[in-house]
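Asks: here's my sequence, what's the structure:
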Amino acid sequence: MSNSFLPAVFLGSAAFVFLNFGLPIYADEIGLNAVVIGGTYSVFMGTILVVRPLVGIGLDRLGRRWFFVIAFAFYVAAMSVFANTEGVAGLYFARFLQGLGASFMWVTARTMVADLNDESSRGVEMGRLTTTSVRGSMVGAFYGFTLLGFMPLQDAWPIAFAGYAVLSAVAFVWSFFKVGETREVVPATSVEWRFTPELVRVFILVFLTGFASALIEPIYLLYLKTKFDLPMMVLAGVFFPAGIVFAILPRYSGAWSDRLGRGPIIAVGIAFAAAVSMALPFWPSVVLVGASYILFSIGWAMASPAVSALVADLAPDAARGRIIGFQEGAAGLGAALGPLVGGVLYEYVAPTAAFVLNGGILFGAALLAWFWFAEPTSRSARRT
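Replies: From the prediction side, this is the model:
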């Protein structure tokens, strides 16, 4: 059953790109300001912050399979609410349900990848997990944006999410019948583990990158839409090549981290993203913005699978689920705070301020990754 969970990840990811592009614009069209829009992201990330560590603990005590199956039930519920709501409360509730689904799916999927692979192949397989999700979201985006070619966003929105609910239901059925356990459950009382200094460092790194990235997530499309006065379909086309990068590169960059070490790949990738983020709002042409975003995607496509593999490398086998859950919780903490701060900077300081702060924090995180993890350590040393 080595990759039996990947088709469900593909189907369950269908809404991701359309939602990331459409939510800020949709919320703007129904009269929400940047702070309230940022709140929809904070609800999602706040849910992740609370739930993902709990899911990790449950994975170690109860096994993987049912957590993975339940993820898609939450996704069905979330997509159904998105399809049938037009107000702030409904959007917030849908984001809460989506956060539950994301918490169950991602912690479980990454834990199963770690179960099934050792240090020599975890990077490439974490990358494969990422590319599977991105490819599913790009197929889903093609469906959603095709609808936008025929009707306004407010009319296309409920039809798109009804389709995403159906795909999530298919993922639920697939995972119910096709996905099994990836390891034997070990009683919690028989496991001795602690937060080593290396784990604390990687959690700090995950928090910083999550916070920095979330600073601009709810506002970058609003900023570019306002600056260049372009419709959503054109903006989506500008960012499409960056999606192709994420659909291909992570598998290869994960393999680089298997061969060259996690730290150097993480540091270089984050530094790439930092440089692009600081320059992004100052380009005079939307074509240059699109080209820069390709570099931004290259950076994150390098760093993301290497970070996931590093955490799995550091985790004792019997505590793997909870440690991956705590990693996701640290990312969720940063990502819950980031959208609110980014929205405030956008509304009350300057539209470019969040981009500059994002780049500065990421440069700092890249330096920390280099100094903390550039030199590989043995697996046995990591666990003591």
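
Asks: put the alpha carbons of stretch 346-357 into CSV.
Replies: Below are the C-alpha coordinates for stretch 346-357, written out as CSV (Å, rounded to 0.1, in the frame of the first residue of the first chain):
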residue,chain,number,x,y,z
TYR,A,346,-1.8,46.7,4.3
GLU,A,347,-4.7,48.8,5.6
TYR,A,348,-2.9,51.2,8.0
VAL,A,349,0.8,51.3,7.2
ALA,A,350,1.6,50.8,3.5
PRO,A,351,0.6,48.1,1.0
THR,A,352,4.3,47.2,0.5
ALA,A,353,5.1,46.9,4.2
ALA,A,354,4.0,43.2,4.6
PHE,A,355,6.2,42.2,1.6
VAL,A,356,9.3,43.9,3.0
LEU,A,357,8.7,42.4,6.5
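
Asks: pLDDT below threshold where in the stretch 51-200 of the chain?
Replies: 185-193 (pLDDT under 70).

Asks: can you map out the strands along it?
Replies: Counting by DSSP state E, counting those that start in this stretch, the stretch 51-200 of the chain has no strands at all.

Asks: in it, which spans are helices?
Replies: With helices called from DSSP state H, counting those that start in this stretch, the stretch 51-200 of the chain shows them at 65-83, 88-116, 122-148, 153-178, 197-216.

Asks: could I get these as TSV with mean neighbour count?
Replies: To be clear about C-beta, it is placed using only N, CA and C from the backbone, and glycine gets the same treatment. Shown next, in TSV, are these (neighbours: other CB atoms under 10 Å):
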stretch	mean neighbour count
helix 65-83	23
helix 88-116	23
helix 122-148	22
helix 153-178	19
helix 197-216	22
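
Asks: for Tyr26, which of those is the nearest?
Replies: In terms of CB to CB, the element of the helices of the stretch 51-200 of the chain nearest to Tyr26 is helix 153-178, at 5.8 Å.

Asks: tilt between the closest one and helix 65-83?
Replies: 160 degrees (axes from the mean of the first three to the mean of the last three CA atoms, to 10 degrees).

Asks: and helix 153-178 with helix 122-148, angle?
Replies: Inter-element angle recorded for helix 153-178 and helix 122-148: 140 degrees (by the same axes, to 10 degrees).

Asks: packing partners of helix 153-178?
Replies: If contacts are counted by 3 or more CB pairs under 8 Å, 6 or more residues apart in numbering; DSSP states H and E, helix 153-178 sits against helix 6-12, helix 16-29, helix 65-83, helix 122-148.

Asks: and it, how far out from the chain middle?
Replies: Taking CA atoms, centre = their mean, to the nearest Å, one finds helix 153-178 lying 19 Å from the centre of the chain it belongs to.

Asks: and for stretch 98-112?
Replies: 10 Å.

Asks: now swap in stretch 109-120 and tell me
Replies: Between the centre of stretch 109-120 and the centre of its chain there are 18 Å (CA atoms, centre = their mean).

Asks: show residues contacting it.
Replies: 2, 5, 9, 56, 59, 64, 68, 122, 125-126, 129, 182-183, 258, 308-309, 312-313, 315, 320-321, 324, 328, 379 (CB atoms under 8 Å, 6 or more residues apart in numbering).

Asks: now, of those residues, which are buried?
Replies: 5, 9, 56, 59, 64, 68, 122, 125-126, 129, 182-183, 258, 308-309, 312-313, 315, 320-321, 324, 328 (16 or more other CB atoms under 10 Å).

Asks: now do the strands in the stretch 251-384 of the chain.
Replies: Under DSSP E, counting those that start in this stretch, the stretch 251-384 of the chain gives no strands.

Asks: do you know which of the helices of the stretch 51-200 of the chain lies nearest Glu29?
Replies: Per CB to CB, nearest to Glu29 of those: helix 153-178, 6.4 Å.

Asks: surely Phe363 is in contact with Phe272?
Replies: No: look at Phe363 against Phe272 with CB atoms under 8 Å: they stay out of range, at 10.6 Å.

Asks: quick check: the nearest residue to Thr47 once chain neighbours are set aside vs Phe93, distance?
Replies: Excluding the flanking residues, the one nearest Thr47 by CB to CB, 6 or more residues apart in numbering is Gly99, at 2.8 Å. Distance of Gly99 to Phe93, computed by CB to CB, to the nearest Å: 11 Å.

Asks: try Ser121
Replies: Relative to Phe93, and taking CB to CB, Ser121 is found at 40 Å.

Asks: also Ala309?
Replies: Per CB to CB, Ala309 is found 35 Å from Phe93.

Asks: and Asp60, by the same measure?
Replies: Relative to Phe93, Asp60 is positioned 30 Å away (CB to CB).

Asks: just for the stretch 201-350 of the chain, where's the confidence low?
Replies: 218-219, 221-222, 225, 230-239.

Asks: which stretches of the stretch 201-350 of the chain form helices?
Replies: 220-228, 232-260, 262-279, 286-314, 320-348.

Asks: what's the closest of the ones you listed to Val356?
Replies: Comparing the helices of the stretch 201-350 of the chain by CB to CB, helix 262-279 comes nearest, at 5.7 Å.
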